[in-house]
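Q: need a structure here:
(chains A and B)
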Amino acid sequence: MKYLLKQMGLYLVAAWAALTLNFLLPRAMPGDPVMSLISRMRGQIKPEQIASIKAAFGFTDGPLWQQYLQYLNAVFHGDFGISISSYPVKVSDIISTGLFWTILLGVVSLLISFIVGNLLGVFITWRRGGVADTILPGLLTFMGSFPYFWLALVMLFLFAFKLGWFPLRHAYADELSPAFTWTFIQSVLVHMVLPAGSVVLVSVGGWMMTMRSTMVGVLSEDYIVMAEAKGLPQRMVMFAYAMRNAILPNITQFGMSLGFILSGQLLTEMVFSYPGLGFYLVKAVNTQDYSLMQALFLMITLAVLVANFIVDLLYVRLDPRVRAG
Amino acid sequence: MSKISVRLFAVVMLAAMLLSACASITPVAPGTGGLAQSTDTAAPKVEATATAAPKMDATATQSPTKADVAAATATVAAPAPSTGDAKGFVTMSNELYSTWTRNFNPFAPTPLWPTSMGIYEPLMIYNTLKSEMTPWLATAYAWKDSGKTLELKIREGVKFSDGSPMTAKDVLFTFNLLKTPGTNGSAASIMNNEVDSVAAPDDTTFVIKFKTVNSEALYAAVAQVVVSEKAWKDVKDPVTYTNDNPIATGPFTQVTRFDAQFWQLEKNPNYWQPGKPYIQGLRFPAFPGNDQANMAMVNGEVDWGANFIPDIKTTYLDKDKANNHYWFTTTGSSVMLYVNTTMKPFDNPDVRKALSMAIDRQQIVSAAEFDYTKPADATGLSDEGYKAWKDAGNIQAGAEWVTLNVDKANAMLDKAGLKKGADGTRIAPDGKPMTYELLVVSGWTDWVSSCEMMAQNLKDIGINASVKSLEYNAWYDTVSKGQFTMSIGWSNGGATPYGFYAGQMKTTRSKPVGESAPDNWQRYTNKDADKLLDAFTAETDPAKQKEIMTQIQAIFVKEAPAIPLFPGPDWYEYSTKNFTGFPGADNPLYVGAPFNITGLMLMTNIKPK
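A: I've put the predicted structure just below:
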């Protein structure tokens, strides 16, 4: 309990630091959003209008601390303001369009990759020197070392464009409307094969290799020998004794990956036209859309913090040594 | 969690993957479902002006990546079966988004296309290709009171999509609404700066009184789209309203589906042009990038597009020779090379001309622009957009300094006193070698390759230019503040060449170095040009206007305030597989690019096959 409280305190400080950086960094970029909006209008806005535009966007030229207080106040009320690049759509509306799909795709591909990777790691270590142990690490490292963007494009080109096995784009067929029906769910699954598959392909090797290397160490521990000597069933030794201990580093990694879903999935979403938030992340940066940028960055940082907190909780459950400390 | 549940979950996930893999063949009918768009993230959606800014950025952002190359060599695999309900729907690819956000407010800076050119309609459409005004919601205009008053006759019998009639009262309401700070609209600037009063004496007359005579204001005024007073009078804040279900006069007003990845716009049941539009509606599948949009184009899923497609002949035309077409009109504004005229030796017109003569425009146009445009002439005006304004004498007079001639260029620089140093680089008047950075926006690939070629060209005349790519905002910041030596950049468009030349030479448009100016980045000013430009806007007689414009052109040709490179093409592709009646090279009625206001004419006139 004391451990958890201490952790929570740390997370609160981290969250405050993130909030503050999130406020300061976009403002340190060159140019300002109003000028960049005006430049995109290419001479359609007369200089005389600039002041009125600034007012309409809620830009005050007030001192930085004043803006900071306003920002903190807004964040605590969950009010991220209006997007400048998609003016006058609310930032919360933009985020709600893609958040579900980003999370769905991210969680599904991460889970598949994590589970498959760890299981493969366990199996190949259990049968060290076997066929799978010879082939898989090399093959998957090979796949994982491709630039993701290139691999995804090739998959899209080959399986969707050339062979037509999978859809070229989107999260479900355009003629369907989201509904809780089998047809729709099926459509969603089909549309997820390529995007999720490409992510799994490049990332599964990493999980497997980490698992393998820790598992090798764990297998030589005395308690494994002891468990085998007790005559416990193989599967029990493999999962409850070896895997449970070997999975700890991967759990930490899992927490990190969970937090990075939003930012890490950018390329997947772009290549497969998946209606997620990655595109808006790029757009917000390109157009200096402070409000959208802040909201997205805040979500990323908070996601990382929350995921790590959950991992901490999991650790307490998985590793008794942490509880004692 | 227990090991059982972990195992169970793994099995479920694997099963789901397998299942989905097997089910793949069934529901995927890419048919008329989805298409794309192609301007880049930062693309301006300049809907209101007739000659919109060049869509150079479309070409730019997305480099021709492997997918394009792949697409170029691909045979079309998946057929596109059109489903029954898809008939009559034109699939669009003109804006790049990964997810759609609903915004049909014509007073917002970037509402979804076609808010201001299809949902809402302007008073008149200026057809750049023919340099003529096509009556739309207004049937005629007249200058009264020796040019200080503009009188517009408003069409009778026009209805909004809710069935209520549109009258001059709605036009009056719209123009008054533009006084709200922050509203966008073609007439917003004139309403806030130049208009004395507006009035609607009766249901078919709308009158604008100006403070001074300004003939240019006509184009801004008639391009304004009209909203319904009934629908808008209770809107609390017209700036932040997203107008989810527009009530408008346009051919397409009914938003019948709106999902994050796809939306659909259907025809107005009360449209004022009898029998039109002939098609049921427009469909907008979301495409996050050029690659994705181009794959759909190549697949035959797009009927009307505005995409930059590298090597379009092999990539797109050859895929379906009978139906796939493109027509890139050069009505956009010109892409220019700017040199800072506040710096020596670039204050000397001969030096600027010498730079121009060193540039191999034909090579740039072929290699960087895929021959989608052509070399500019010395007037700087794009050829198809301002045909009627261009003066042959001026083009002739300036022909020399836009033609590649390295020897002459070297001779001119020698004459200007710029001697070559030991390493072959010329020495500037301040005693330093002429080594400069040539600025360009990073990622705008065609501009970057243009700049690389120019840097190479400039070495031939002893100027050592190195290409420097800046991120868009940083680039704009540097260039608009005049803190650069050389940069590539766009120029102003507009119905008449006024906007272009005012942006290049007018004193009031220039600002001291260090202050941001929307145009005149090179900080060139000319008193004679000022007078002529003012005389131009004070004149309403087209014949006299042309005379003045010829003199303005002559100053530009003589002074070379900036170096014209090539006119910007309007991206426009169309497929005649399902629809007919598109304008094209064989039917050059008006520009077909969706971002041009004449796109409104296209959507009301195309027919299903």
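Q: Would stretch A:91-101 count as contacting chain B?
A: Yes: contact of stretch A:91-101 with chain B (C-beta under 8 Å from any C-beta of the partner chain) involves A:93-94, A:97-98, A:101. Bear in mind the C-beta positions are built from the backbone N, C-alpha and C, glycine included.
Q: what sits up against that stretch?
A: A:78, A:80-83, A:86, A:171, A:274-277, A:279-280, A:291-292, A:295-296, A:299, B:98-102, B:260 (C-beta atoms under 8 Å, 6 or more residues apart in numbering or on different chains).
Q: same thing with stretch B:152-172?
A: If you take C-beta under 8 Å, 6+ apart as the criterion, stretch B:152-172 is touched by B:123, B:135-141, B:198-208, B:221-222, B:226-231, B:246-249, B:253-254, B:268-270, B:272.
Q: Tell me where the model's unsure across the stretch 201-325 of chain A.
A: Scanning the stretch 201-325 of chain A for pLDDT under 70 picks out A:324-325.
Q: where do the helices sit along it?
A: A:222-229, A:234-236, A:244-246, A:248-259, A:261-264, A:266-271, A:278-286, A:290-318, A:320-324 (DSSP state H, counting those that start in this stretch).
Q: Tabulate those (a markdown table), appending mean neighbour count.
A: Shown next, in a markdown table, are the helices of the stretch 201-325 of chain A (neighbours: other C-beta atoms under 10 Å in any protein chain shown):
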| stretch | mean neighbour count |
| --- | --- |
| helix A:222-229 | 12 |
| helix A:234-236 | 11 |
| helix A:244-246 | 19 |
| helix A:248-259 | 18 |
| helix A:261-264 | 19 |
| helix A:266-271 | 23 |
| helix A:278-286 | 23 |
| helix A:290-318 | 19 |
| helix A:320-324 | 10 |
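Q: just so I know, which of the ones you listed lies nearest chain B?
A: Distance to chain B, taken as C-beta to the nearest C-beta, is lowest for helix A:278-286 among the helices of the stretch 201-325 of chain A, at 3.3 Å.
Q: Which of the contacts of stretch B:152-172 fall within helices?
A: B:221-222, B:229-231 (DSSP state H).
Q: Could you point out the member of these that lies closest to chain A?
A: B:Ala221 (14.2 Å).
Q: If you tally nearby residues, what's the number for that closest one?
A: Using other C-beta atoms under 10 Å in any protein chain shown, B:Ala221 has 27 other residues around it.
Q: so what's it closest to, chain neighbours aside?
A: Leaving aside its chain neighbours, B:Ala221 sits nearest to B:Ala187 (5.2 Å; criterion: C-beta to C-beta, 6 or more residues apart in numbering or on different chains).
Q: For PyMOL, what selects the buried ones among the contacts of stretch A:91-101?
A: Per 16 or more other C-beta atoms under 10 Å in any protein chain shown, the buried members of those correspond to this PyMOL selection:
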select buried, (chain A and resi 80+81+82+83+86+171+274+275+276+277+279+280+291+292+295+296+299) or (chain B and resi 98+99+100+101+102+260)
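Q: Spit out the contact partners of the most centrally placed residue in chain A.
A: Nearest residue to the geometric centre of chain A (C-alpha atoms, centre = their mean): A:Ile261, 0.6 Å. By C-beta under 8 Å, 6+ apart, the contact set of A:Ile261 is A:102-103, A:106-107, A:110, A:303.
Q: what does A:Ala307 give?
A: A:Ala307 is in contact with A:255-256, A:258-259, counting by C-beta under 8 Å, 6+ apart.
Q: Switch those over to a markdown table; also include distance to A:Trp207.
A: What follows is the contacts of A:Ala307, written out as a markdown table (distance: C-beta to C-beta, whole Å):
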| residue | distance to A:Trp207 |
| --- | --- |
| A:Gly255 | 13 |
| A:Met256 | 12 |
| A:Leu258 | 13 |
| A:Gly259 | 16 |
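Q: Phi and psi next, for the residue nearest to B:Ser487 when sequence neighbours are not counted.
A: Of all residues not flanking B:Ser487 in the chain, B:Leu439 sits nearest, at 3.8 Å (C-beta to C-beta, 6+ apart). Dihedral pair for B:Leu439: phi -80, psi 150, per degrees, to the nearest 10.
Q: Next, see if stretch A:239-246 gets close to chain B.
A: Yes: where contact is defined by C-beta under 8 Å from any C-beta, part of stretch A:239-246 touches chain B, namely A:239-240, A:244.
Q: Out of those, flag the one nearest to B:Tyr241.
A: For the residues of stretch A:239-246 next to chain B, the residue nearest B:Tyr241 by C-beta to C-beta is A:Arg244; the value is 57.1 Å.
Q: Tell me if I'm right that the closest one and A:Arg317 touch.
A: No: at 10.7 Å, A:Arg244 does not count as touching A:Arg317 under the criterion of C-beta atoms under 8 Å.
Q: Quick check: which element contains A:Ile115?
A: Per DSSP states H and E: A:Ile115 is located in helix A:91-126.
Q: List the buried residues for that helix?
A: Within helix A:91-126, the residues that qualify as buried are A:91, A:94-95, A:97-99, A:101-106, A:108-126, counting by 16+ other C-beta under 10 Å.
Q: Report the mean confidence score over that helix.
A: Mean pLDDT, helix A:91-126: 91.
Q: What residue in the stretch 401-550 of chain B comes nearest to chain A?
A: Nearest residue of the stretch 401-550 of chain B to chain A: B:Asn473, at 3.8 Å (C-beta to the nearest C-beta).
Q: count of residues packed around that residue?
A: Per other C-beta under 10 Å, the neighbour tally for B:Asn473 reads 22.
Q: Over to B:Lys527?
A: Using other C-beta under 10 Å, B:Lys527 has 9 neighbouring residues.
Q: How about the contacts made by the nearest residue to it once chain neighbours are set aside?
A: Nearest non-adjacent residue to B:Lys527, counting by C-beta to C-beta, 6+ apart: B:Thr507, 7.3 Å away. Contact analysis of B:Thr507 by C-beta under 8 Å, 6+ apart lists B:525-527, B:530.
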